[in-house]
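Colleague: This is a predicted model, with the sequence first.
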There are 2 protein chains.
Amino acid sequence: MTTEQSKSEISRARILDAAAKTFRQKGYAATTLIEIARAADMQAGSLYYHFGSKDELLEEVLDIGMRRVHEAVEESQEHLPPGSSHRDRIRAAVEAHLTTLLKLDDYTSANIRIFGQIPEDVRRRHIRLRDAYAELWRRILVKAQKSRALRSDIDLGLVRMLLMGALNWSVEWYQPGRTSIQTMADHMCLMLFSGIGIDEPARSSEDETVA
Amino acid sequence: MTTEQSKSEISRARILDAAAKTFRQKGYAATTLIEIARAADMQAGSLYYHFGSKDELLEEVLDIGMRRVHEAVEESQEHLPPGSSHRDRIRAAVEAHLTTLLKLDDYTSANIRIFGQIPEDVRRRHIRLRDAYAELWRRILVKAQKSRALRSDIDLGLVRMLLMGALNWSVEWYQPGRTSIQTMADHMCLMLFSGIGIDEPARSSEDETVA
DNA sequence: ATATGTTTCGAACGCATGTTAGATTTTAGA
DNA sequence: TCTAAAATCTAACATGCGTTCGAAACATAT
């Protein structure tokens, strides 16, 4: 009994992996069930033993991707060394998000890449997980601001959007090996906290004007 | 003669507008020539009097979108008041990019949204314009860094990517009316130059540690 | 070894799409 | 008004897609 279920579950997982990978590469509409089936060593018709439709398959890929990054960031907050500052907390969250997105997780990267172009009803059903993840970040930032680790004169909602943009866009250009994920997280937090401008304590001359 | 050409050009423009709008909304593969034709008050077959194929139509939409944002940022640099600092220059570039992306320009936003999921040969032919635009930003940032307006210990390439991400991602969430584009540009540059962390001159107690 | 349930195959269907080409309408100049 | 070119329509095509379903292959327990 246990092995029968496991056989089916193995196939399911193989299909989902293939779907996530292909969705991520080509987008949803451009991806064919034939391609997914081939990548999963099956025939297209066989997919329907495990999934009711292409939309259903998409839905599960999206959900898994969002759940993974959510859990990764959540765990990053729980496993912090005691006495960590809010900067440390945010830095850990940034690294967890980036790592999930860029390190072998086709589900999360597929989610980020294709979310903008999926059927409306799928989006409507998936949006809850997205909102929950946004809420997780909101809480992290609000706590930091209330503890005076962040300026009080900034719109946290806007900062969150810009931060998410910088993080998520990496899926469009990142190539493993060129820059380490840690380096990216460092730069990200440097930008976020201290900025990359020079403090220019001697702001007197016209050094900064255009030559 | 002049009016005949103009008639054809008007239709061409109407088709391109419709294509950009629909591509932006639904993505490339999910967009039907029937939809584009209907939005342009034509029949699907009539499109072929103006364009050789769906790919060709896509190609032109992408090119126009990239050229527009390129020109907008270029002009923002030329029309700066004399004596502007490098911060001002970068701020102007950010605002120009955002304005083009978010203000009624379906071409640029279509380009940003769907670039990741287009046929390979179209991408190969379009990549030059993308590179040219990246080079424009690179020059702006390098000049700023050489003039000591930016730290010297940062990877400008990485900063450019993160900055582009924060900017481009806005197309996924921005809603006119909620936040003005100017406000966004301000926050963007605040983050970029000064950061949103508190300088904490009195770094003594454990205020920042987790409660 | 047989029987039962599980998983996959293979072929087919209906439908929508990109594309084509000839007929038709519209436009502009003589 | 007549005509030729330009622009659009209309209907059809080939193709590829998501999906269905009965048959085949496989696995498991008696």
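Modeller: Cool, the structure landed. Because the structure is a prediction, the values reported are computed rather than measured.

Colleague: phi, psi of the residue of chain A at minimum distance from DNA strand C?
Modeller: Residue nearest to DNA strand C within chain A (C-beta to the nearest atom of the strand): residue A:45, separated by 2.3 Å. All C-beta atoms are positioned from the backbone trio N, CA, C, and that covers glycine. When read as degrees, to the nearest 10, the backbone of residue A:45 gives phi -60, psi -30.

Colleague: could you pull out the helices for chain A?
Modeller: Assigned by DSSP state H, the helices in chain A fall at A:2-26, A:33-39, A:54-78, A:86-102, A:106-114, A:120-146, A:156-173, A:181-193.

Colleague: Just name the most buried of those helices.
Modeller: helix A:106-114 (a mean of 25; mean count of other C-beta atoms under 10 Å in any protein chain shown).

Colleague: So what touches it?
Modeller: With contacts defined as C-beta atoms under 8 Å, 6 or more residues apart in numbering or on different chains, helix A:106-114 is touched by A:16-17, A:20-21, A:23-24, A:27-28, A:61-62, A:64-66, A:68-69, A:100-102, A:168, A:171-172, B:116-117.

Colleague: Quick check: the residue nearest to residue A:95 when sequence neighbours are not counted vs residue A:101, distance?
Modeller: Leaving aside its chain neighbours, residue A:95 sits nearest to residue A:185 (4.0 Å; criterion: C-beta to C-beta, 6 or more residues apart in numbering or on different chains). Here the criterion is C-beta to C-beta, to the nearest Å. By it, residue A:185 lies 11 Å from residue A:101.

Colleague: Then residue A:29?
Modeller: Residue A:29 is 22 Å from residue A:101, by C-beta to C-beta.

Colleague: same question, residue A:173
Modeller: 12 Å.

Colleague: now chain A, which segments are flagged as low pLDDT?
Modeller: By pLDDT under 70, the weakly predicted segments of chain A are A:1-5, A:199-211.

Colleague: Contact distance from DNA strand D - what residues of it qualify?
Modeller: A:1, A:3-4, A:7, A:31-34, A:44-45, A:47-48, A:52-55 (C-beta under 7 Å from any atom of the strand).

Colleague: List the contacts of the residue in chain A positioned nearest to DNA strand D.
Modeller: Closest approach between chain A and DNA strand D, counting by C-beta to the nearest atom of the strand: residue A:45, at 2.9 Å. Listed by C-beta under 8 Å, 6+ apart, residue A:45 has no contact partners.

Colleague: let's go with 10 Å and repeat that
Modeller: Residue A:45 is in contact with A:33, A:37, counting by C-beta atoms under 10 Å, 6 or more residues apart in numbering or on different chains.

Colleague: Residue A:12 now?
Modeller: Contacts of residue A:12 (C-beta under 10 Å, 6+ apart): A:40, A:47, A:49-51, A:60.

Colleague: Save the residues you listed as JSON lines, and put in distance to DNA strand C too.
Modeller: As requested, the contacts of residue A:12 are exported to JSON lines (distance: C-beta to the nearest atom of the strand, whole Å):
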{"residue": "A:40", "distance to DNA strand C": "9"}
{"residue": "A:47", "distance to DNA strand C": "9"}
{"residue": "A:49", "distance to DNA strand C": "3"}
{"residue": "A:50", "distance to DNA strand C": "6"}
{"residue": "A:51", "distance to DNA strand C": "11"}
{"residue": "A:60", "distance to DNA strand C": "16"}
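
Colleague: Quick one: buried ones out of these?
Modeller: A:40, A:47, A:50-51, A:60 (16 or more other C-beta atoms under 10 Å in any protein chain shown).

Colleague: returning to that earlier point: mind giving me a markdown table with the helices of chain A and columns for distance to residue B:80?
Modeller: Formatted as a markdown table, those follow (distance: least, C-beta to C-beta, whole Å):
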| stretch | distance to residue B:80 |
| --- | --- |
| helix A:2-26 | 41 |
| helix A:33-39 | 50 |
| helix A:54-78 | 40 |
| helix A:86-102 | 33 |
| helix A:106-114 | 35 |
| helix A:120-146 | 34 |
| helix A:156-173 | 24 |
| helix A:181-193 | 24 |
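
Colleague: from what I can see residue A:27 touches residue B:31, true?
Modeller: No: Residue A:27 lies out of contact with residue B:31 (C-beta atoms under 10 Å); the separation is 11.6 Å.

Colleague: what is in contact with the two at once?
Modeller: A:117, B:114.

Colleague: Please tell me I have it right and residue A:132 contacts residue A:71.
Modeller: No: counting by C-beta under 10 Å, residue A:132 stays clear of residue A:71, with 11.2 Å between them.

Colleague: can you list residues touching both of residue A:185 and residue A:101?
Modeller: residue A:167.

Colleague: what does chain A have sitting close to DNA strand C?
Modeller: Residues of chain A lying near DNA strand C (C-beta under 7 Å from any atom of the strand): A:4-5, A:7-8, A:11, A:41-46, A:49-50.

Colleague: of these, closest to residue A:145?
Modeller: residue A:50 (45.7 Å; C-beta to C-beta).

Colleague: Check the gap between the residue lying closest to the closest one once chain neighbours are set aside and residue A:56 for me.
Modeller: If the residues on either side of it in the chain are set aside, residue A:50 comes closest to residue A:12, at 5.0 Å by C-beta to C-beta, 6+ apart. Applying C-beta to C-beta, the value for residue A:12 to residue A:56 is 12 Å.

Colleague: what's the answer for residue A:168, then?
Modeller: From residue A:168 to residue A:56 the distance is 25 Å (C-beta to C-beta).

Colleague: Not counting sequence-adjacent ones, nearest residue to residue A:143?
Modeller: Nearest to residue A:143 is residue A:86, by C-beta to C-beta, 6+ apart, at 6.9 Å.

Colleague: Could you verify my assumption that that neighbour touches residue A:189?
Modeller: No: counting by C-beta under 10 Å, residue A:189 is not a contact partner of residue A:86; they are 11.2 Å apart.

Colleague: Give me the common contacts of those two.
Modeller: Joint contacts of residue A:86 and residue A:189 (C-beta under 10 Å, 6+ apart) are residue B:197.

Colleague: about what we covered before: check the gap between the residue nearest to residue A:95 and residue A:159 for me.
Modeller: For residue A:185, the distance to residue A:159 - C-beta to C-beta - is 17 Å.

Colleague: Residue A:40 touches residue A:20, doesn't it?
Modeller: No: the criterion here is C-beta under 10 Å, and residue A:40 misses it with residue A:20 at 11.0 Å.

Colleague: quick one: common contacting residues for these two?
Modeller: In contact with both residue A:40 and residue A:20: no residue, using C-beta under 10 Å, 6+ apart.

Colleague: how much space between residue A:119 and residue B:160?
Modeller: 34 Å.
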